[in-house]
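Trainee: no sequence for this one, just the structure:
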């Protein structure tokens with residue numbers, strides 16, 4: 001079962017230009033390109049420090065073809081909400097012509113789930129008309145592949161190395177979409193550039209609704225995940241059909257499961273393609289599999305689909 005919102009018209013202009021310095025096979029750059037194509041040219045971007053800032057703005061060059069503000073790791077939402085409020089006041093006072101501007105805030109998982117969580121919560125609570133996009137590559141990749149609270153359980157990073165007494169990342173991935181939804185905002189969704197129509201459609205829908213919206217995008221990182229650069233799109237699809245990263249949206253609190261793979265693929269189909277999980281034992285994988293199964297079944301129930309269509313062990 002699928003319920004993908006497909007946009008009828010898509011801007012052919014690229015707001016994020018080629019020629020940047022992303023790593024070979026970087027899916028995060030592809031995710032950013034899709035987000036901006038859907039948002040259109042009448043967009044102002046606030047971007048936290050991170051991979052997409054570093055690869056797109058080596059002085060004196062830039063890959064940005066729309067207004068773009070680079071700010072610190074921790075305050076992307078604060079600055080972005082200030083931009084939105086400032087433009088609204090200028091238009092109300094007649095100092096700028098009234099027009100529909102899209103205010104898009106972009107940060108990685110570290111700048112969202114860790115360092116920037118406070119400013120994000122404030123922006124959502126205040127009700128700014130913004131779209132916050134978390135480009136989640138599941139670690140602090142820009143500064144050397146350190147763990148974040150979005151790093152999945154069992155993954156090896158430079159600050160959560162596996163060993164005789166360590167499984168690697170010892171905590172479970174923080175559920176940022178649920179945290180955003182707890183603010184009772186109009187729109188929350190997950191997305192993956194491996195499903196481009198779904199991702200771009202969700203950007204369109206988020207921007208069409210008044211008030212704050214949150215989009216959490218899985219962004220495969222071949223460097224940090226220690227995966228084949230040619231496998232990025234396949235890994236993104238495997239994350240969905242194994243249940244590791246389901247695609248869903250919450251519209252005014254109502255949950256819609258956008259891609260229901262039916263019987264989930266075995267988790268190991270996804271894990272075995274990534275060097276960061278190569279140390280896991282069969283027992284470790286079984287433990288993670290059971291958690292994925294339970295969380296996916298819970299999501300299906302919230303979406304009103306009921307029943308147990310879990311994967312084989």
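Mentor: Right, received. Where do you want to start? None of these values were measured; they are calculated from a predicted model.
Trainee: my read: residue 116 touches residue 77, true?
Mentor: Yes: assessed by Cβ atoms under 8 Å, residue 116 is found in contact with residue 77 at 6.2 Å. No exception for glycine: its C-beta is placed from N, CA and C like everyone else's.
Trainee: out of those two, which sits in the more crowded spot?
Mentor: Between residue 116 and residue 77, counted using other Cβ atoms under 10 Å, residue 77 has the larger neighbour count: 29 against 26.
Trainee: got a pLDDT number for the more buried one?
Mentor: On pLDDT, residue 77 comes in at 98.
Trainee: so it sits in a strand?
Mentor: No: under DSSP: H, G, I helix; E, B strand; the rest coil, residue 77 falls outside any strand and is assigned helix.
Trainee: do I have it right that it meets residue 103?
Mentor: No: contact criterion Cβ under 8 Å: residue 77 and residue 103 do not qualify, at 10.7 Å.
Trainee: anything in contact with each of those two?
Mentor: Common neighbours of residue 77 and residue 103, using Cβ atoms under 8 Å, 6 or more residues apart in numbering, are residue 130.
Trainee: buried residues in the host helix or strand of residue 255?
Mentor: Applying DSSP states H and E as the criterion places residue 255 in strand 254-257. Buried residues in strand 254-257, counting neighbours by 16 or more other Cβ atoms under 10 Å, are found at 255-257.
Trainee: go on, stretch 186-205?
Mentor: Quick answer for stretch 186-205 (16+ other Cβ under 10 Å): 186-196, 198-205.
Trainee: give me the contacts around the strand holding residue 255.
Mentor: With Cβ under 8 Å, 6+ apart as the test, strand 254-257 has contacts from 1, 3, 246-250, 299-300, 302-305.
Trainee: end-to-end on stretch 179-199?
Mentor: In stretch 179-199, first residue to last residue: 20 Å (Cα to Cα, to the nearest Å).
Trainee: starting at the chain centroid, how far to that stretch?
Mentor: In this view, stretch 179-199 has its centroid 8 Å away from the chain centroid, taken as Cα atoms, centre = their mean, to the nearest Å.
Trainee: now the helices: where do they sit in the protein?
Mentor: For the chain, applying DSSP state H gives helices covering 27-39, 51-56, 76-92, 109, 117-126, 176-181, 196-208, 222-225, 232-241, 268-271, 282-302.
Trainee: so which of those helices is nearest residue 99?
Mentor: helix 76-92 (7.7 Å; Cβ to Cβ).
Trainee: the closest one vs helix 117-126, what angle?
Mentor: Relative orientation of helix 76-92 versus helix 117-126 (axes from the mean of the first three to the mean of the last three Cα atoms, to 10 degrees): 40 degrees.
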